[in-house]
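Peer 1: Can you look at this prediction? I've put the sequence above it.
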Amino acid sequence: MNEIFGIFPTPFMRAPGTLGPSLVAGLLEHFLARATHGNNSSANLSHTEMLKPNDSPLLLDAAALLVPKLVDFGEQMFAERLPWSIKEMWVNVLDNGGRQAMHNHANSFISGVVYLTPTHPSSQTVFMKSPGGVDFKFANEHSNSKPNQFSADKWISPAPQPGDLVLFPSYVMHAVPPNQGERRITLALNAIPSQLDSWGYVVRFSG
């Protein structure tokens, strides 16, 4: 019998209910008014300034729940349970019609999203293969093709509930399509490990 192996897959973690309802409500109440910075992707997208966990007791409470998940996910990426820290956090507010263009996150290793409000199906986070490269590309896309995890260019993340967390490598391209529903609010984060050690060549990081 033929066997198909997914070699060197990209990890993606979903952790339902990481933040409880009371903490989600507190984050919404405290940070919604601070999401005043515009975004070039859309006039209907705004966000807060970059925040550190120690900027607010609410963020410290959130970080205490998020960091263990980062340790779990980091083990999948680097084969060791390393100390992890959240480098920065920010709140995104996406109103009806708003969108987030395709992007990835620089100067971090794990990025994540905590969903603070219900998400309309139209604005579930979409992950996509990098459009870079200089090689020729041949595609087989038509009404009879059936893309799978090996051939698809895009993947739509599972429908989230408030308090759910997703984590992914920071280099992965992602976007949010135009929101056709109610206001969508998320807490985004970037994280780094304490260090990486390649047979004695050690690089240390600080948040």
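Peer 2: Everything's here; your move.
Peer 1: could you pull out the helices for this protein?
Peer 2: 21-31, 57-78 (DSSP state H).
Peer 1: which residues touch A191?
Peer 2: 70, 84-87, 108-112 (C-beta atoms under 8 Å, 6 or more residues apart in numbering). To be clear about C-beta, it is placed using only N, CA and C from the backbone, and glycine gets the same treatment.
Peer 1: do you know which of the helices of the chain lies nearest Q180?
Peer 2: helix 21-31 (21.1 Å; C-beta to C-beta).
Peer 1: what angle do the closest one and helix 57-78 make?
Peer 2: 110 degrees (axes from the mean of the first three to the mean of the last three C-alpha atoms, to 10 degrees).
Peer 1: and the gap between the residue most central in space within the chain and P11?
Peer 2: With distances taken as C-alpha atoms, centre = their mean, G112 lies nearest the centre of the chain, 3.2 Å away. The gap separating G112 from P11 is 12 Å, by C-beta to C-beta, to the nearest Å.
Peer 1: residues bridging contact with those two, i.e. touching both?
Peer 2: Both G112 and P11 are contacted by F168, under the criterion C-beta under 8 Å, 6+ apart.
Peer 1: circling back to that earlier point, just the contacts of A191 now: which is nearest K154?
Peer 2: Closest approach to K154 among the contacts of A191 (C-beta to C-beta): S111, at 17.7 Å.
Peer 1: State the number of residues packed around that closest one.
Peer 2: By the criterion of other C-beta atoms under 10 Å, S111 has 20 neighbours.
Peer 1: residues contacting it?
Peer 2: Contacts for S111 (C-beta under 8 Å, 6+ apart) come out as 104-105, 167-170, 172, 188-191.
Peer 1: can you do 7 Å?
Peer 2: Residues near S111 by C-beta atoms under 7 Å, 6 or more residues apart in numbering: 105, 168, 170, 189-190.
Peer 1: same thing with N179?
Peer 2: 94-99, 120, 122-123 are the contacts of N179 under C-beta under 7 Å, 6+ apart.
Peer 1: If we use 6 Å, what do you get?
Peer 2: Counting by C-beta atoms under 6 Å, 6 or more residues apart in numbering, N179 touches 94, 96, 98, 123.
Peer 1: top of those by neighbour count?
Peer 2: Busiest of the contacts of N179 [other C-beta under 10 Å] is L94, holding 29 neighbours.
Peer 1: And the pLDDT at it?
Peer 2: pLDDT recorded at L94 is 98.
Peer 1: what do you get for the one 3 residues further on?
Peer 2: The predicted local distance difference test score for G97 is 97.
Peer 1: And for the one 5 residues further on?
Peer 2: With respect to pLDDT, M102 has a value of 96.
Peer 1: That one is in contact with V176, isn't it?
Peer 2: No. Counting by C-beta atoms under 6 Å, V176 is not a contact partner of M102; they are 9.5 Å apart.
Peer 1: Of the two, which one has the most company?
Peer 2: More crowded of M102 and V176, by other C-beta under 10 Å: V176, with 24 against 15.
Peer 1: Please name the bridge partners of the more buried one.
Peer 2: Per DSSP bridges, the residues bridged to V176 are Q100.
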